[in-house]
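J.: What would the 3D arrangement of this be:
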Amino acid sequence: MQTAVAAGIARPDPKPTLYRILFLVSLVHLFNDSIQAVFPAIYPILKDSMGLSYTKIGLLTFSLNFTASIMQPIVGAYTDSKPSPFLLPLGMVFTFAGMLTLAFAGNYTMMLLSVLLVGLGSAVFHPEGSRVSYMAAGSRRGLAQSIYQVGGNAGQALAPLMAIFIFYRLGLSGAAWFTVVAAAAIGVQMYIARWYRGYLAAHPPKPKTRGSRASGLQAERKKQITVALYLLVFLVFARSWYHAAISNYYSFYAIENFGISKETAQYFIFAFLAAGALGTLLGGPLADRFGRRNILAFSMLGSAPFAILLPFVGQVWAFVLLLLIGFIVLSSFSVSVVYAQELMPGKIGTVSGLIVGLAFGMGALGAVALGKLIDLTSISFTMIACGFLPIIGILTMLLPSDRKIREWNAEMGEE
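T.: Have a look, this model is predicted:
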């Protein structure tokens, strides 16, 4: 009788895809990012209640994202060498403290402290969350990363609705409700951390040898990988500038140009982010079929015509375009992480922290710059200028193809 292998039937993956863990870490990602995204959603409230300028609003975004971005690669590099399962619930403790501070914030300094604590919690969670999804992925790394990332994008999409139904009714004291969300996330993280610890015991990391990829890689190959990684970070950076423009400032644009209320303006942001969550979910499978680099290019160049048109249309068409732009531009959200992980295998935490953290944190500089540009010119001019940012996606053609990366990994004996 033929064996399964002799018959050509694929053997079961020795590390099957663990959907239970993937959905749980995605749920925590939803909790974490919904809390983090609350801040941009309540900017109109803060602007009126505290008399903030657009520059000060930009500085809040910068403080939140820059704290997370600088720490993420550091946390990732540390846990690459010393995996630490119980950092997961610890990170959410910082987020809990940040929302408790926000509930009692009476001035701008307290607001800054709140965003710094939430940013620190996010910095701890994201690289370790990516590592958990990688470990639970089995052979379906693209799908696993999409499941993980869609939780975060869904959380961002929910933030405008939370602002409408909580903060616009209760004011900043409504932040106290989010401590309940953070507490629930801590409980889930404890469960994931115990699984993480068991996984490490069952699959101890392989000891590094002198013939490892890091020490044996040719100088030319090192240069190619480094250049590709820098280019990828720059592209994510540019995408983040556009994301910051819409998520932080488009509600002000809608209020000013369409004559709508603050609450109604939040539905436009919800449309952009909800469509982005769907794009994130489908981006991984699409990349498996059409190639990761191709989806990276499509996410920016495909959204460019709609982004350029957005400031020149009326209220109804603006809502439609935001749906299209959100879906397309964020379809590469998870893809960019997996592309980077395959570009530098063995550095899961570092690379995840670099792409999700540092690149987005540098994008936070865009929030400050855009806020200053609005103060100096107008919000309409700024939105028109930002519409041209996705054109930078033409640079994706300079990235190595998926096949080239597989060839490099095969040369160096990587999976």
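J.: Tell me which residues touch the residue nearest the centre of the chain, please.
T.: Among the residues of the chain, residue 356 comes closest to the average C-alpha position under C-alpha atoms, centre = their mean, at 5.1 Å. Under the criterion of C-beta atoms under 8 Å, 6 or more residues apart in numbering, the contact list for residue 356 reads 72, 126, 127, 130, 337. C-beta here means a position set from N, CA and C on the backbone, and glycine is covered the same way.
J.: hmm, try it at 7 Å
T.: Contacts for residue 356 were tallied using C-beta atoms under 7 Å, 6 or more residues apart in numbering; they are 72, 126, 130, 337.
J.: How confident is the prediction for residue 250, by pLDDT?
T.: Per-residue confidence at residue 250 stands at 92 (pLDDT).
J.: whoops, residue 287 was the one
T.: Among the per-residue scores, residue 287 holds a pLDDT of 85.
J.: ok, it to residue 342 distance?
T.: As defined by C-beta to C-beta, to the nearest Å, residue 287 lies at a distance of 11 Å from residue 342.
J.: Tell me which of those two has more neighbours.
T.: For residue 287 versus residue 342, the count of surrounding residues by other C-beta atoms under 10 Å is larger for residue 287: 28 against 19.
J.: quick one, phi psi at residue 408?
T.: With angles defined as degrees, to the nearest 10, residue 408 sits at phi -60, psi -40.
J.: I'd guessed it sits against residue 220; true?
T.: No. Counting by C-beta atoms under 7 Å, residue 408 sits too far from residue 220 to count as a contact (10.9 Å).
J.: Of the two, which one has the most company?
T.: The neighbour comparison of residue 408 against residue 220 (other C-beta under 10 Å) goes to residue 408, with 20 against 8.
J.: what about the closest residue to the more buried one other than its chain neighbours, which SS state?
T.: Computed as C-beta to C-beta, 6 or more residues apart in numbering, the closest residue to residue 408 that is not its neighbour in sequence is residue 221, at 6.4 Å. Under DSSP: H, G, I helix; E, B strand; the rest coil, the three-state class of residue 221 is helix.
J.: So residue 221 versus residue 35, what's the distance?
T.: Residue 221 sits 41 Å away from residue 35 when distances are taken as C-beta to C-beta.
J.: if you count what's nearby, which of the two comes out ahead?
T.: Neighbours per residue, other C-beta under 10 Å: of residue 221 and residue 35, the larger number sits with residue 35, 27 against 14.
J.: how far is the helix or strand where that one lies from where the chain is centred?
T.: Residue 35 is located in helix 19-41, with elements delineated by DSSP states H and E. When C-alpha coordinates are averaged (C-alpha atoms, centre = their mean, to the nearest Å), helix 19-41 and its chain have centres 10 Å apart.
J.: helices or strands next to it in the packing?
T.: Contact analysis of helix 19-41 by 3 or more C-beta pairs under 7 Å, 6 or more residues apart in numbering; DSSP states H and E lists helix 54-81, helix 87-103, helix 108-136, helix 141-162, helix 176-202 as its packing neighbours.
J.: average pLDDT for it?
T.: Along helix 19-41, the predicted confidence averages to a pLDDT of 87.
J.: Can you give me the buried ones in the very next helix or strand once past it?
T.: Counting by DSSP H and E, the element after helix 19-41 in chain order, helix or strand, is helix 43-50. When neighbours are counted by 16 or more other C-beta atoms under 10 Å, the buried residues of helix 43-50 are found to be 43, 44, 45, 46, 47.
J.: ok, the first one - contacts?
T.: Counting by C-beta under 7 Å, 6+ apart, residue 43 makes contact with 57, 248.
J.: Quick check: the gap between it and residue 58.
T.: Relative to residue 58, residue 43 is positioned 10 Å away (criterion: C-beta to C-beta).
J.: same question, the fourth one
T.: When distances are taken as C-beta to C-beta, residue 46 and residue 58 turn out to be 12 Å apart.
J.: How about residue 382?
T.: Where residue 58 is concerned, residue 382 sits at a distance of 11 Å (C-beta to C-beta).
J.: residues shared between the contacts of those two?
T.: Joint contacts of residue 382 and residue 58 (C-beta under 7 Å, 6+ apart) are residue 370.
J.: Which one of the two is surrounded by more residues?
T.: Applying other C-beta under 10 Å to residue 382 and residue 58 shows that residue 58 carries more neighbours, namely 27 against 24.
J.: number of nearby residues for the closest residue to the more buried one other than its chain neighbours?
T.: Setting aside the residues directly before and after it, residue 58 is nearest to residue 371 in space (C-beta to C-beta, 6+ apart), at 2.8 Å. Neighbour count for residue 371, taken as other C-beta under 10 Å: 26.
J.: Identify the spatial nearest neighbour of residue 394, chain neighbours not counted.
T.: Once its chain neighbours are removed from consideration, residue 394 has its nearest residue in residue 301; the separation is 6.6 Å (C-beta to C-beta, 6+ apart).
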